[in-house]
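Visitor: 3D, please:
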Amino acid sequence: MRTSCLAGLSLLALLAAASARAADSNAGTSGANFLKIGQGSARAMSLGGAYVALSEGADAMAWNPAGLAVTQQRELAFSYLRYVQDVDSPLYLAYAHPMGRTTWGANLSYISVDGFDVRDAQGVPQPGQEVGVRDGLMSIGLARSFWYEKLFLGSALRVVHEDIAGAVKDTVVGDIGVILKPNPTLSLGFAVQNFGSGSGNVPRITRGGAGLRLGEFLTVGLELTKASDSGARAGLGAEFQLPEEYLDVGQLALRIGYRNADTLGQSNDSTLKSLRLDRSSNLSFGFGMYTSQAFGYGVSLDYAFVPMGALGTVDQISVKMKF
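Guide: Residues are numbered from 1 along each chain as shown. Alright, predicted model coming up:
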């Protein structure tokens, strides 16, 4: 069973990589592109975005709303994202609240972009001019488990806010998702995000993938993502986890991911050069720590690091409390 699943995952990754290299005539035709940068979960980012089948709890609001119903406890999550080119997300909050087999959730985020090189129609710099971008979203979701917690269905409603140099636009869109866990080893996930509005306003994103738990310590995930304004992308991630019973005070996870992103040039950072990551725009790395003994609560800390060639590096930190 595991051999056939791994073969299927590998085949899907190769097909996705091939399709992503083809030119896409829709590139750059959607607004609200901040929705595609991986905000909201350091774990998902460190796994190369291979999270649609592994999403759970408050994290699920940004990837697959069906994962809300996977959680057994109330969860409050916070994430900080430092992206490239002065894109900064200082606030991402999410909450999941289970009520029996039904779980509802909500999230909100804020993203700012400063430091634009403002020029007039003739290309002359305008040093006295200030242009800022202020984007954000707010969502509410509902999910429920079925079939003895093997099938999870979820949906969400989202308001997307864009403020580009004073030009404000608000768009309402929806998400739907499903997760199927036929056995403790295999998980399958599918989600459609941001539907209900023209793709010129918000990019519609379709995700499909699988997760495979190999023994007690290793989890592998694969995701194929297609946005309405870009080609298909494949993400592959692996998570090595030491459970809490082995460390007494908590559990530790080490993560690595791969995503067939575009080549983004070479970084001049000396540390990245010494690690031979100065030309990398495909790999991602991260770790996670969790303890159930923090003043009677469960607390987790996750970190993701993604080199993006000449554009710089991306960092995301996520903190979650279970109670």
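Visitor: neighbours of residue 221, how many?
Guide: Here the neighbour count serves as a burial measure; for residue 221 (other CB atoms under 10 Å) it reads 29. C-betas here are computed from N, CA, C, even on glycine.
Visitor: give me every residue that touches the closest residue to it other than its chain neighbours.
Guide: Nearest residue to residue 221 in three dimensions, chain neighbours excluded: residue 50, at 3.7 Å (CB to CB, 6 or more residues apart in numbering). Residue 50 makes contact with 44, 209, 211, 221, 222, 223, 235, 236, 237, 257 under the criterion CB atoms under 8 Å, 6 or more residues apart in numbering.
Visitor: before we move on, what about residue 306?
Guide: 45, 46, 283, 284, 285, 313, 314, 315.
Visitor: rewinding a little: mind giving me the PyMOL select for the contacts of residue 50, buried ones only?
Guide: If you want just the buried ones from the contacts of residue 50 in PyMOL, going by 16 or more other CB atoms under 10 Å, the selection is:
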select buried, resi 44+209+211+221+222+223+235+236+237+257
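Visitor: and the contacts of residue 306, which are buried?
Guide: For the contacts of residue 306, a neighbour count by 16+ other CB under 10 Å gives the buried set as 45, 46, 284, 285, 313, 314.
Visitor: okay, those residues in a markdown table with distance to residue 272 and secondary structure next?
Guide: What follows is the buried ones among the contacts of residue 306, written out as a markdown table (distance: CB to CB, whole Å; DSSP: H, G, I helix; E, B strand; the rest coil):
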| residue | distance to residue 272 | secondary structure |
| --- | --- | --- |
| 45 | 17 | helix |
| 46 | 17 | helix |
| 284 | 14 | strand |
| 285 | 12 | strand |
| 313 | 7 | strand |
| 314 | 12 | strand |
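Visitor: what's the closest of those to residue 79?
Guide: The shortest distance between residue 79 and any of the buried ones among the contacts of residue 306, using CB to CB, involves residue 45 and amounts to 9.4 Å.
Visitor: nearest residue to the closest one other than its sequence neighbours?
Guide: By the measure of CB to CB, 6+ apart, the closest residue to residue 45 outside its immediate chain neighbours is residue 304, 3.9 Å from it.
Visitor: before we move on, what about residue 48?
Guide: Leaving aside its chain neighbours, residue 48 sits nearest to residue 257 (2.6 Å; criterion: CB to CB, 6+ apart).
Visitor: how about the helix or strand that neighbour falls within: buried residues?
Guide: According to DSSP states H and E, residue 257 maps onto strand 251-259. Applying a neighbour-count criterion of 16+ other CB under 10 Å, one finds 251, 252, 253, 255, 256, 257, 258, 259 buried in strand 251-259.
Visitor: what's in contact with the helix or strand just after that strand?
Guide: Under the assignment DSSP H and E, the closest C-terminal helix or strand after strand 251-259 is helix 270-274. Identification of contacts with helix 270-274 by CB under 8 Å, 6+ apart yields 267, 278, 280, 307, 313.
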